[in-house]
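Asker: Need a 3D model of the following:
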Amino acid sequence: MTRIVDIYGNPIKTAQLRETQTARMAGLHREFARHPARGLTPAKLASILQDAEQGSLQGQAELFMDMEERDAHLYAEVSKRKRAILGLNWTVEPPRNPSAAEQADAEYLHELLSDLDGWDDMLLDAMDGMGHGYSAIELDWRLYGREWIPEAFHHRPQSWFMLAQGDQNELRLRSEDGQGTPLQPFGWIMHRPRARSGYVARSGLYRVLAWPYLFKHYSVSDLAELLEIYGLPIRLGKYPPGTADEEKTTLLNAVTALGHAAAGIIPDTMAIDFESATQSSSEPFLAMMRQCDESISKAVLGGTLTSQTSAGGGGAYALGKVHNEVRHDLLTSDARQLAATLSRDLLWPLLVLNRPGNPDTRRAPRLVFDVRETEDMAAMATALPALVDIGVQVPASWAQERLGIPLPAKGEAVLQPAQSALAALTRRSKPRMASLTQIIGPRYSDQQALDDVLGALPGNELQEQVDPLLAPLLAVINRGGSEAEVLGALAEAFPDMDEGALAEALHRLMFAADTWGRLHGNLDRIG
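Answerer: I've put the predicted structure just below:
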């Protein structure tokens, strides 16, 4: 029986695949988020990040989820980067110089992945690891006939995981003993993109965004407090000395009520004065919020103009095009990292579970996203013919790759060039009458007879007459001479060429033709 191993060589028992690893971990499924973003302060944020570095990822993971949920700008920028992966075409490529079996394996996996349900959702869930530093998708395997196929992809919250005590890069499921449960082989797609270098707890993009998020929401809170009193006059209550505390409370309630109800009562011995209205500006708070939003955009998309225009509204298109180039670099990085994860955690299990033989990890098929930028077709259509005309050798495969046009499959219909204008004009002309266009017989019987005689002349005799004439020229050509040498030899040999036999034959033919024409012309006049 074939021994099944994971990509690291660890043996796999297919009985483990009949149930997900977390199916019996009821404690994790019953957990509710603690929302650490409530009352977030610099000291609290620093404590959460430090706990994550020491192995407890729960607080950091829940904070990152709150950040994406509470900040619309952060969510929009992260969502753009996540969903960009959905616009890429993908293929399953065999290794270099594949054998027939390796090519068949790649085609099998490509067909299998194309039919999987939930593929796009799985890609988005995997891209969630960009912010957290890791994203865990649990595979729910089912046996269809003799094939193991993932029936569903379950995204598991990052708060379910912890770091192993002896390895800051090993993720485990949280357990009551504090040691964590190792992840089951073939049970997970564990995507760990590197937004920045470092251990897994510090490699997520949200670690960079946590501080701009905090400062921005301080400004939002301060602006909200300003808006509560903006434009309202300052109300001061006055009371005489010796006023009881109960009467002071009555005065305070009356002053407060005036801000909303514009009505209230106080004792005659008290007074309320109205000072000038609050004149504070909201601009400092808005400036702080803009600064934080721009920092978030730069960190997520590599620039700001892919999401917003300049304050003056000008020059945004040209600069946005430049910033979009930076974003393509990020997309390329995301696609390559995700392809490596899926090749390891999805394609390899599908290969060893369903294909015969013992595949080599170094020769396994791999998933490839097409991140090539195609050239401007109009510019290429102008440049390529000019380059080809001056002798530049352009491979057809290179041109089609740069234009993003796939090579046609065998027997596949392809577009054909349009017919020339002359052909189109001929096709549109009126049909001619067949009785006027069909040639029934020769127009002149004597000319036809002469043509038949010329056509019946033996070719070997003509060749013998031409050979002496062309002998010097053929000798130069047979030696492999250049075009200049051939022309020079022709000029030198022309005065000495032996054209006697050929000239004699031509004179005889011309005499016979002339005589034939005269005789038949006279016969026609007599008749």
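
Asker: all strands for the stretch 101-250 of the chain, in order.
Answerer: Along the stretch 101-250 of the chain, the stretches classed as strands by DSSP state E, counting those that start in this stretch are 135-144, 147-156, 161-164, 167-173, 188-191, 233-238.

Asker: my bad, should have said the stretch 301-450 of the chain
Answerer: Using DSSP E, counting those that start in this stretch, strands in the stretch 301-450 of the chain cover 366-369.

Asker: where does it dip in pLDDT?
Answerer: For the stretch 301-450 of the chain, the stretches with pLDDT under 70 are 305-326, 418-450.

Asker: if you set the cut-off to 50 instead, what comes out?
Answerer: Per-residue confidence for the stretch 301-450 of the chain (pLDDT under 50) gives these ranges: 312-314, 422, 434-437.

Asker: right, so the strands of the stretch 101-250 of the chain: which one is the most enclosed?
Answerer: Of all those, strand 188-191 carries the top mean neighbour count, a mean of 22, counting by mean count of other Cβ atoms under 10 Å. From N, CA and C alone the C-beta is placed, and that goes for glycine too.

Asker: ok, it: who's next to it in the sheet?
Answerer: Looking at strand 188-191 with DSSP bridges, its partner strands are strand 135-144 (antiparallel).

Asker: pLDDT on the strand it pairs with, on average?
Answerer: Computed over strand 135-144, the mean pLDDT rounds to 95.

Asker: need the contact list for the residue positioned nearest the centre of the chain.
Answerer: Nearest to the mean C-alpha position of the chain, by Cα atoms, centre = their mean, lies L88 at 3.2 Å. Contact analysis of L88 by Cβ atoms under 8 Å, 6 or more residues apart in numbering lists L331, A335, F369, D370, V371.

Asker: Enumerate the beta-bridge partners assigned to I149.
Answerer: Under the criterion used (DSSP bridges), I149 bridges to R142.

Asker: what's the spacing between it and V5?
Answerer: 20 Å (Cβ to Cβ, to the nearest Å).

Asker: now Q184
Answerer: Q184 is 14 Å from V5, by Cβ to Cβ.

Asker: Comparing the two, which residue is more hemmed in?
Answerer: Each of Q184 and V5 has its neighbours counted (other Cβ atoms under 10 Å); Q184 has more, 18 against 15.

Asker: for the more buried one, what are its contacts?
Answerer: Contacts here follow Cβ under 8 Å, 6+ apart; on that basis Q184 touches Q16, Q21.

Asker: What pLDDT is listed against it?
Answerer: We have a pLDDT of 93 for Q184.

Asker: Provide the partner residues of the residue lying closest to M25 once chain neighbours are set aside in its beta bridges.
Answerer: Using Cβ to Cβ, 6 or more residues apart in numbering and skipping the chain neighbours, the partner closest in space to M25 is L173 (6.8 Å). L173 has the following beta-bridge partners by DSSP bridges: F161, T181.

Asker: 23 is where my numbering starts, stick with that
Answerer: With the count now opening at 23, the last piece we talked about shows up as L195.

Asker: and the gap between L195 and M292?
Answerer: Counting by Cβ to Cβ - L195 and M292 are separated by 66 Å.

Asker: what does G324 give?
Answerer: 62 Å.

Asker: Pull out the buried residues from stretch 269-283.
Answerer: Within stretch 269-283, the residues that qualify as buried are E269, T272, L273, A276, V277, L280, counting by 16 or more other Cβ atoms under 10 Å.

Asker: Distance to M212 for these - can I get that in TSV?
Answerer: Conversion of these to TSV gives the following (distance: Cβ to Cβ, whole Å):
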residue	distance to M212
E269	68
T272	65
L273	65
A276	63
V277	60
L280	61
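
Asker: Could you list which of these belong to helices?
Answerer: E269, T272, L273, A276, V277, L280 (DSSP state H).

Asker: Tell me the bridge partners for the nearest residue to the third one once chain neighbours are set aside.
Answerer: Read it as L273. Closest residue in space to L273, ignoring its immediate chain neighbours: G259 at 4.3 Å, by Cβ to Cβ, 6+ apart. Here G259 shows beta-bridge partners I294, assigned using DSSP bridges.
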